[in-house]
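S.K.: Next comes the sequence, and after it the predicted model I'd like to discuss.
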Amino acid sequence: MNLRTMMAYLDTSYPPAAFEDIEAAPAAVPSVAAGAPGSFTGDVPANITALRAITFDPPPVAFETGQWVELANGAIAYYDGYAWRTGKAPAPAPVTTP
């Protein structure tokens, strides 16, 4: 029995409103691609505060040296693997040995 047949069967004994969400399209989840400049799917965040409030799927990976995305207010930002920061992704700190 496919979903439509099952829903038609169940609609006779349950209120149709109980099944409205079954066929609803999932909400678009934004994603981000690193680059110089990088890009967003969907709306570009207004500023760094708006960017930090977004839950991306899949989660972004740390941007590489010089990568960034441009926000709607003209600011640029990068993801360091833990948080969004302003500016372009810096070069990694040199490794020093004692």
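M.R.: Everything's here; your move. Numbering: from 1, shown residues only.
S.K.: lowest average confidence, helix or strand, in the protein?
M.R.: Considering only helices and strands, the least confidently modelled element of the chain by mean pLDDT, DSSP states H and E is helix 3-11, at a mean of 62.
S.K.: after it comes which helix or strand?
M.R.: Where DSSP states H and E defines the elements, the next helix or strand beyond helix 3-11 is strand 32-33.
S.K.: What is that following strand packed up against?
M.R.: strand 39-40 (3 or more Cβ pairs under 8 Å, 6 or more residues apart in numbering; DSSP states H and E). Glycine gets a C-beta too; all of them are placed from N, C-alpha and C.
S.K.: I'd like to know which elements the strand it packs on is packed against.
M.R.: For strand 39-40, the helices and strands in contact under the criterion 3+ Cβ pairs under 8 Å, 6+ apart are strand 32-33.
S.K.: number of nearby residues for the residue nearest to residue 33 when sequence neighbours are not counted?
M.R.: Distance criterion Cβ to Cβ, 6 or more residues apart in numbering; nearest residue to residue 33, sequence neighbours excluded, is residue 39 at 5.1 Å. Burial measure for residue 39: 12 neighbouring residues, criterion other Cβ atoms under 10 Å.
S.K.: Closest to the geometric centre of the chain, which residue is that? Let me know.
M.R.: residue 56 (2.3 Å; Cα atoms, centre = their mean).
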